[in-house]
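> how would this look folded up:
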Amino acid sequence: MLVIVCYDVVTETREGRRRLRQVARACEAVGQRVQKSVFECQVDAMKFEALERKLLDIIAPEEDCLRFYRLTEPIDLHVKQHGKFKSIDFDGPLVI
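A predicted model of the protein is given here:
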């Protein structure tokens, strides 16, 4: 499934900046950054739950915001992209 992860972490303190880096690293491990605080993640149900638990352990719920959007198939009907950035086609052929 394709999951969009969006977050907003308060960075006014050293701890907040640390949380921001941790959230970004956790998302980079399973997806691709499409905007500064937005990631596309192609995951199965177990990986989604693991990512959600990990991010919930990192953020400070009283200060930060974390949102997940699960997109249903077919993805081409739900995602349109414009501009310079082109995302990776996870289902396409792998070219090295």
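> Can you name the residues bridging to V3?
Counting by DSSP bridges, V3 forms beta bridges with C41, R70.
> so it makes contact with C41?
Yes - the pair V3 / C41 is scored as a contact, 4.7 Å apart, by C-beta atoms under 8 Å. In short, each C-beta sits where N, CA and C put it, glycine included.
> intersection of neighbour lists for the two?
31, 48, 51 (C-beta atoms under 8 Å, 6 or more residues apart in numbering).
> which one of the residues you listed has the most neighbours?
G31 (23 neighbours; other C-beta atoms under 10 Å).
> and that residue, bridged to which residues?
Beta-bridge partners, per DSSP bridges, of G31: C41.
> What's the separation between it and R67?
Noted for G31: a distance of 14 Å to R67, by C-beta to C-beta, to the nearest Å.
> ok, how many other residues are close to C27?
22.
> Contact partners for it?
By C-beta under 8 Å, 6+ apart, C27 lies in contact with 5, 7, 33, 39, 41, 51, 55.
> Tell me where the model's unsure across this protein.
The chain contains residues with pLDDT under 70 at 73-96.
> Could you pull out the helices in it for me?
14-28, 45-58 (DSSP state H).
> thinking again about what came up before, can the shared contacts of V3 and C41 go into CSV with extra columns for distance to E63?
Formatted as CSV, the shared contacts of V3 and C41 follow (distance: C-beta to C-beta, whole Å):
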residue, distance to E63
G31, 23
F48, 24
L51, 20
